[in-house]
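In: Make a model of this:
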Amino acid sequence: MWLIVARQPRPGAAYWPGRRTLSLLDAIVWPAAWVAAVSSMSTNAGLVGASVVLLAIFAGIARSRRALFDNARYRFTTYQWGAPFAVLCVLGAALKAML
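Out: All right, here's what the predicted structure looks like:
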C-alpha cells in the first residue's frame, strides 16, 4: 500500500542587504569548482569529464537565475555543505592531535 504525504513547502528565506550578491557568488563558485576539479585531473576524463563540466555549467546557469530572480527560494550551498565539512575537519584535527 502506498502512503502519500504532502509536505508544506519551505518558507522563503529572509531578505537582508547583500544576500543577492552573496547568493550569486555562491551559485557561480560551486559549479566553477567542479569544472576546475575536472580540468585539473592528471588523466583524461573523457566523456565523463565532459559530461560533468556540461552539467556544472547548466547547474551554474540555473542557480544564478534563481539567485538573481527568485532569491527567496535560493539556499546557500556553502552553508549546506560547509558546516558538515567543517565538523569533519575539526574531528580529523582532534583525532590527529590525540595520536
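In: Closest to the centroid, which residue in the chain?
Out: Geometric centre of the chain, nearest residue: T77, 3.6 Å, by CA atoms, centre = their mean.
In: List the neighbours of stretch 13-31 that are in contact with it.
Out: The contact list for stretch 13-31 (CB atoms under 8 Å, 6 or more residues apart in numbering) reads 56-57, 59-60, 63-64, 66-68, 71-78. Every residue, glycine included, has its C-beta placed from N, CA and C.
In: Please type out the ChimeraX selection for whichever of these turn out to be buried.
Out: Selection of buried members from those for ChimeraX, criterion 16 or more other CB atoms under 10 Å:
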select :56,60,63,64,66,67,74,76
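In: least trustworthy helix or strand in the protein by mean pLDDT?
Out: helix 77-98 (a mean of 91; mean pLDDT, DSSP states H and E).
In: I'd like to check what contacts that helix. Which residues are they?
Out: Contact with helix 77-98 is made by 26-27, 29-30, as judged by CB under 8 Å, 6+ apart.
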